[in-house]
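Visitor: Okay, here's the prediction I keep looking at, along with the sequence it came from:
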Amino acid sequence: MGLVFETRMSDSPWVDSVWTCRSEQVAEMTSVATETWGMVFWEQRGVPCAAVTGPEVRTGTAPVPEGADFVGIQFAVGTSLRAVAATSLVDSGIVLPDVTDRSFWLDGARWETPRADDVEALVERLVGQGVVVRDALVADTLRGVPPAITERTLERRFRAATGLTRGAVRQIERARTAALLLGAGAAASDVIDKLGYYDEPHLARALRRFVGRTARELREGSSGAIALNLDQRITS
């Protein structure tokens, strides 16, 4: 066994998805680029830990502690932590201090560690206290709402809110969607048409850069553990 992932989408405008994972006899995994930041809570051999994770702009490998159970939150694009510059989290993260089996320390206060089914309650508290903030313009732009500002100002807002350019956010999101579609058995030609890649080499370059798998490897589920729930359904 490797990584046992489960992912659910969230109805909170502040949260993209919630995931759980158990590592079983796996020493490392392929990490996948992500356009969002997150928080992850895990326990290994009775020791609780927590961290803030940043966006990742390329694939790589990451160590995985054996026999650990994880609960993760991926926040919606456009949200950020009040006390941390988004740019400082890119390809990085922060290990949170003073974590117990019941609570963790963040932004000068102690918070109750969430379970997978009550993540949104924690997020509501963080939002209510201003710990997590959001630039609604960034989220609206990604949904196709024309911004009433200049392109230069929009790019500055994207970088401040996400740590990334608007183009990087779109490229990573598209590659992750392509990987999920291929993992569900879609043909490369269908993925190219659906997501607007130019051709198979264009798709292959994106997968190599952001996912670390070929289209064939994703369809076959081969090449080891990967930090992506390939059983997750894509509905749009």
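Guide: Received, thanks. Numbering: from 1, shown residues only.
Visitor: Check what contacts the longest helix anywhere in the chain and list those residues.
Guide: Secondary structure of the chain per DSSP state H: the longest helix is helix 166-183. Helix 166-183 has contacts (Cβ atoms under 8 Å, 6 or more residues apart in numbering) with 32-35, 55, 57, 77, 141-142, 154-155, 158, 162, 164, 188, 190-191, 194-197, 203, 206-207, 209-211, 213, 215, 218-219, 221, 228-232, 234. Every residue, glycine included, has its C-beta placed from N, CA and C.
Visitor: what's the helix or strand that it is followed by packed up against?
Guide: Following the chain from helix 166-183 toward its C-terminal end, the next helix or strand by DSSP states H and E is helix 188-195. On a contact count with 3 or more Cβ pairs under 8 Å, 6 or more residues apart in numbering; DSSP states H and E, helix 188-195 meets helix 166-183, helix 200-210.
Visitor: residues of the next helix or strand after the shortest one that come out buried?
Guide: So that's helix 200-210. Sequence-wise, the next helix or strand downstream of helix 200-210 (DSSP H and E) is helix 215-220. Residues of helix 215-220 classed as buried: Ala215, Glu217, Leu218, Arg219 (neighbour count, 16 or more other Cβ atoms under 10 Å).
Visitor: which one of these sits closest to Ala50?
Guide: Leu218 (30.5 Å; Cβ to Cβ).
Visitor: If you tally nearby residues, what's the number for the closest residue to that closest one other than its chain neighbours?
Guide: Leaving aside its chain neighbours, Leu218 sits nearest to Leu182 (4.0 Å; criterion: Cβ to Cβ, 6 or more residues apart in numbering). Using other Cβ atoms under 10 Å, Leu182 is surrounded by 25 other residues.
Visitor: isn't there a strand covering Phe5?
Guide: Yes. Counting by DSSP: H, G, I helix; E, B strand; the rest coil, one finds Phe5 located in a strand.
Visitor: tell me, how many neighbours does it end up with?
Guide: The burial count assigned to Phe5 is 19, neighbours taken as other Cβ under 10 Å.
Visitor: so what's the nearest residue to it once chain neighbours are set aside up against?
Guide: Counting by Cβ to Cβ, 6+ apart, the nearest residue to Phe5 once its immediate chain neighbours are dropped is Asn229, at 4.0 Å. By Cβ under 8 Å, 6+ apart, the contact list for Asn229 reads Phe5, Glu6, Thr7, Trp19, Leu180.
Visitor: of those, buried ones?
Guide: Among the contacts of Asn229, those classed as buried by 16+ other Cβ under 10 Å are Phe5, Thr7, Trp19, Leu180.
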